[in-house]
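# build the 3D model from these lines:
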Amino acid sequence: MPSSFDSTRKPNTHTQRDAPSRYDGCIVPSIFISAGEASGEFYGAQLAAALAQYPNSKGERAELWGMGGPHMAAAGVDCIVRAEDVAVMGFTEIVGHLPHIYREFLKLKRAIRVRRPALAVLIDFPEVHFRLAREFHRLGIPVIYFVSPQLWAWKPRRIRLVRKYVKRMLVIFPFEEQFYRDRGVAAEFVGHPLADLPPPAVSREQIAAENGLDPDKIWIGLLPGSRLKEIEANLPEMLKAARAISVSSQIACEDPGGPPGRGPALTVVPGQRPKRACPGLLSLAPPGRDQQGFVNVYDPVGAEWPEAQLQAPTSRNAGPSTSSAMADSVQDDSFASRTDSAARFEFLIPLAPTLDATQRQAVLKMTEVHGRGLPLRLVDDARAALFHARASVTASGTATVEAALLGNPFIVVYRVSPLTYAIAKRLVKVPHVAMANLIAGKRVVPELIQHDFTAANIVQHLSRLLPDGPVRESMMMELGAIREALHSLRSSGRGNNPSAIETVAAIIMKETEVAYPAAQQAAKP
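Now for the predicted structure:
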């Protein structure tokens, strides 16, 4: 149990469950909490809700304020600066925004000097947070850093800033703990917050009803990133791939009996080619056009069997409605549905909550320009989209971790400006870009970065992941292993142990116990 506020006590370790309790007196500590990106803002909102479970004897909670987005604001954080106003990524991309970012940074510094929090909690976003950490250090305010900057990947020299300015580093990937400890930083693996979340409760039918989708069609997730600059760099090529899939694909056997949460299932049928065109097939023949004039999608797996097809599953590996659906499709001599192949797929594009109305409008315009005529839907719930999609194309970032945890087969893509890429190539010191591959220690998911990020490459990889078969099954097995690795030993659902967020909240409140008297003394005139 968390103790009452007693500055003479040293904080306990967090290996035992710390249930919420009241701390003594009328103390209402001020805690600065800051996040600048969509993922960090999501964790910040969860953390704010967990900290609200620690009231004082009058039922008052800690005063939370700092930088955040709509989720954090809704959770009770007084956001002095909006996260969406400073979230810019890339060396060249950030230059044009420097004056505005600097003004917002000065606004935060002024508020810190006036309000003098007892403790600062910084979530990822090193571009701004290392500068804030220096200010907190100058003022004698301890810093807890939650969600480590990827110093193990690039700019490792910044570890000296962590040693100097950060009291405790709370990491969410298991390999990060030893990295920091070997370099003299007090680091703890607390588990990954996303690993503690249950699967989305929303049904496929509910998502379809809310977004004008057809639950019987094959859904593919397109996740271009959480920042507008990322989306501008990644979405157009994703939409080119979507168009190529729609034009090339010949799927019409819409079987609702596929794996739960994954839509219509497909299987590879080697060596089979029906005498008449069945509207349930996606050609994997070598490149070219078939007799009906459709462009074939080529893939090395299909190339092993020149006549191979992707076919809706039989009743043996699908729901009870499969057999009749297949029979109906084979009896359809008209092949009319095949000519409207774009209608076999629907593409879901989740939007980050940190995008403001103007930015969302820009994304909508992008889809109108590059995706005209495609069955696209902009949605708000990325986890639900990933959970119910057959597969996804995902920009490098937190969404790749979400996809891995939800068991959604995916491809990682990313593109930045040529100068940013040239600099990053010299600085990045890890063999993989995708976090799933780094955790696994091998290439589990395809990485299409910069020049390799083309519509043709996306189509080639998706054509291997969409059908049931060894490629899809192997990836899903590897994603399951990654999911287990990201569960903290103290994660929810394992006995009475706390989740990652509960663990972090307990650490913060214990550190605040220690820091509060010094903060009170410093605040005296």
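# quick one: mean pLDDT over the lengthiest helix in the chain.
Across the chain, the longest stretch assigned as helix under DSSP state H is helix 500-523. For helix 500-523, the mean pLDDT works out to 83.
# now do the contacts for the closest residue to Phe130 other than its chain neighbours.
Distances taken as CB to CB, 6 or more residues apart in numbering put Leu161 closest to Phe130, at 5.3 Å, once the chain neighbours are dropped. (Glycine included, C-beta is placed from N, CA and C.) Shown in contact with Leu161 (CB atoms under 8 Å, 6 or more residues apart in numbering): Phe130, Ala133, Arg134.
# neighbours around the second one, how many?
To tie it back to what came earlier, the one meant is Ala133. If you count neighbours by other CB atoms under 10 Å, Ala133 ends up with 22.
# what's the helix or strand for it?
helix 126-139 (DSSP states H and E).
# CA atoms of that helix as PDB?
What follows is helix 126-139 as a C-alpha-only set of coordinates in PDB (Å, rounded to 0.1, in the frame of the first residue of the first chain):
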ATOM      1  CA  PRO A 126      13.600  13.800 -26.400                       C
ATOM      2  CA  GLU A 127      13.700  16.700 -28.800                       C
ATOM      3  CA  VAL A 128      12.000  18.900 -26.200                       C
ATOM      4  CA  HIS A 129      12.300  16.900 -23.000                       C
ATOM      5  CA  PHE A 130      16.000  16.800 -22.800                       C
ATOM      6  CA  ARG A 131      16.000  20.600 -22.800                       C
ATOM      7  CA  LEU A 132      13.200  20.600 -20.200                       C
ATOM      8  CA  ALA A 133      15.200  18.100 -18.100                       C
ATOM      9  CA  ARG A 134      18.100  20.600 -18.000                       C
ATOM     10  CA  GLU A 135      15.800  23.300 -16.700                       C
ATOM     11  CA  PHE A 136      14.300  21.000 -14.000                       C
ATOM     12  CA  HIS A 137      17.900  20.100 -13.000                       C
ATOM     13  CA  ARG A 138      18.800  23.700 -12.700                       C
ATOM     14  CA  LEU A 139      15.800  24.300 -10.400                       C
END
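# show me what it is in contact with.
With CB under 8 Å, 6+ apart, helix 126-139 has contacts from 32, 34, 36, 67, 86, 94, 101, 105, 108-109, 112-113, 116, 120, 122-123, 142-143, 145, 149, 158, 161, 164-166, 522.
# circling back to that earlier point, got the angle between the longest helix of the chain and helix 126-139?
40 degrees (axes from the mean of the first three to the mean of the last three CA atoms, to 10 degrees).
# need the pLDDT of the spatially closest residue to Asp380 that is not a sequence neighbour.
In this structure, Asp380 finds its nearest non-sequential neighbour in Leu351, 6.2 Å apart by CB to CB, 6+ apart. Leu351 carries a pLDDT value of 95.
# return the distance of the longest helix of the chain from the chain's centre.
Distance of helix 500-523 from the chain centroid (CA atoms, centre = their mean, to the nearest Å) equals 29 Å.
# quick one: list the elements packing against that helix.
In terms of contacts (3 or more CB pairs under 8 Å, 6 or more residues apart in numbering; DSSP states H and E), helix 500-523 is packed against strand 30-35, helix 38-51, strand 119-123, strand 143-146, strand 168-171.
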